[in-house]
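> Below is the sequence, then the predicted model.
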Amino acid sequence: MRKALVTPPWTARDRDRLVHAFAITLIGWFLAATVSAWLGAYHATPGTMPTIQYALLTPIIIGAWLIWRSPTVGLIIDAIPQQWLVGFQIFRILGGIFLVLYAIGKMPGVFAWPAGIGDLLVGALAPVVAIAYARAPRVNVDLVLWWNILGLLDLIVALATGVGSSPSAIQVTAFDQPNELISMFPLVLVPAFLVPLWILLHIASLTKLRRDVAFHKKPHGVAISRM
């Protein structure tokens, strides 16, 4: 982030202040999610309503509002290269752990297969899309758009199958093998921290893409209304 803020209007003092604020916010968010998860705040049990939605939706709502409404956050997104926002999601390949847990009988396939394969695909494509955009940004606008859509769809499917297969009052599938691990520490940090982080990165990427398209007035590819 510090490297992205080397041009005006950012001064050295501004960079230090923003980097420190960002680090404190991210670390504080992670620690809050970790402590809550360790205390069992998101543990799902049969017949009760799930609580994971609070950890999931709160940072998404706050983060999305800041991305869309905060001038400072908008300037930061403008400064960060698009390929960084895309390439960072290579870590989505860690979702392959769901397939490992399914293989050893610890997780239902109704969740593990779509979530695991989706994360592997999105994570593997992240550096490819990032490099392609860095080499020819105007040519590869559509590529970034569709990769973001794929990434968001993967997360939506994973959340739907995760909630639907976990033991709770709204469980609809996997009754023979409930998805208990996804609501237990440490795996619950995936929906409590990583999923909202990935979603906010997608929102930031799409927001930047829309602004770049508007700035360059690209005559072909993605129309502004589609963003």
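Looks like it came in fine.
> List the contacts of stretch 97-115.
95, 116-117, 119-120, 154, 157-158, 161-162, 164-165, 173-174, 177-179, 181-182 (CB atoms under 8 Å, 6 or more residues apart in numbering). C-beta: built from backbone N, CA, C; applies to glycine.
> Residue 170: neighbouring residues, count only.
The number of residues packed near residue 170 is 11, by other CB atoms under 10 Å.
> Quick check: it vs residue 55, distance?
According to CB to CB, to the nearest Å, residue 170 stands 17 Å off from residue 55.
> Among the contacts of stretch 97-115, name the ones in helices.
116-117, 119-120, 154, 157-158, 161-162, 164-165 (DSSP state H).
> Now for those residues: which two are most distant?
Within these, 120 and 164 form the most distant pair, 21.2 Å apart (CB to CB).
> Now for residue 47: which residues touch it?
Counting by CB under 8 Å, 6+ apart, residue 47 makes contact with 168-169.
> who's in contact with the residue nearest the centre of the chain?
By CA atoms, centre = their mean, the mean C-alpha position of the chain lies nearest to residue 198, the distance being 0.9 Å. When contacts are counted by CB under 8 Å, 6+ apart, residue 198 touches 89, 92, 151, 155.
> Excluding covalently adjacent residues, which one is nearest to the third one?
Right, the one you point to is residue 151. Of all residues not flanking residue 151 in the chain, residue 122 sits nearest, at 4.6 Å (CB to CB, 6 or more residues apart in numbering).
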